[in-house]
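Asks: return atomic coordinates for the entry below.
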Amino acid sequence: MLAIFRITEMLGPSRKVIIDMAPTGHALLLLRMPERILVWARLLLKSLAAHRKLALAREAAVKIAELEVRARELSTALKSSRKAQIFSVMLPEPLPDRETVRLLGELEDLGLSPSAVFVNRVLSPQAAEKCSRCLRAVQWQAAILGGLKRRFRGMKIFAIREFDYEIAGKRRLRDLTSNLWRLN
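Replies: Numbers count the residues shown, from 1 in each chain. Have a look, this model is predicted:
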C-alpha cells in the first residue's frame, strides 16, 4: 500500500515514472493492489456505516475514502495507454519464458496491455562456432524466441544481444540501443 501512495504522489501531468518491477509474482501483487484496495475500501466503508455517529468511525471513513480515491487514480492511470506503458524483460531461458507467458496472461486479465517484450542476453550464432555447449544454448534460445513470436504475434518483441561488458553510461547505452533486434 505504501508503494501505491508513493506512485500516486510521483504521478503528474508532465512527469514520467519508471518502475523496475520485482519478479513476476511480486509485480502482479503490486499491479493487483489498486483493485484490491478498492474492494477493501468498499467493505470497510459498509461496515463503518452502522457506526457513522461515532467521531472515530467518521474519521476512519474519511481516511478510507482518501485511500480509495488514490487507488482509483492509480488503477485508471495503469489502464490508460497514454499514462502507463508496461514493458516485460526476460531472459531466453525456459523458466523466464514460462513466467513471461504467465505475466502477459495475468496482465491481460487485469486489463493492462504490455507495450513490448525485451529478451535480454541473446547469444549470437557466431558465439556458438567454437563451443558445442554454446551451440546448444543458441539453439535453445532460438526455440524460445520462435515460441514468443508465435504466441504473441501482435506484440513488439525485441532481442538484446549478450554484451561482454556492463551497460553503464551514455556510450554503453548507445551500444545497447543500436544492437536491438526486432523479432516481429
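Asks: okay but Gly147 is in contact with Arg98, surely?
Replies: No: look at Gly147 against Arg98 with C-beta atoms under 8 Å: they stay out of range, at 10.4 Å. Bear in mind the C-beta positions are built from the backbone N, C-alpha and C, glycine included.
Asks: which parts of stretch 7-19 are buried?
Replies: Residues 7-8, 11 are the ones in stretch 7-19 that count as buried (16 or more other C-beta atoms under 10 Å).
Asks: just the pLDDT for the spatially most distant residue from the centre of the chain.
Replies: Most distant from the centre of the chain: Lys53, at 43.3 Å, with distances by C-alpha atoms, centre = their mean. pLDDT recorded at Lys53 is 87.
Asks: and Val119, that one's in a strand?
Replies: Yes: counting by DSSP: H, G, I helix; E, B strand; the rest coil, Val119 is located in a strand.
Asks: I'd like the distance between it and Pro96.
Replies: According to C-beta to C-beta, to the nearest Å, Val119 stands 9 Å off from Pro96.
Asks: quickly list what's touching both of the two.
Replies: Residues within reach of Val119 and of Pro96 at once, by C-beta atoms under 8 Å, 6 or more residues apart in numbering, are Met90.
Asks: the more surrounded of the two?
Replies: Between Val119 and Pro96, counted using other C-beta atoms under 10 Å, Val119 has the larger neighbour count: 25 against 19.
Asks: in this structure, which spans are helices?
Replies: Using DSSP state H, the helices of the chain run over 2-10, 24-49, 55-79, 94-109, 132-151, 170-178.
Asks: redo those helices as CSV? Include distance to Ser115.
Replies: Shown next, in CSV, are these (distance: least, C-beta to C-beta, whole Å):
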stretch, distance to Ser115
helix 2-10, 18
helix 24-49, 15
helix 55-79, 13
helix 94-109, 11
helix 132-151, 15
helix 170-178, 16
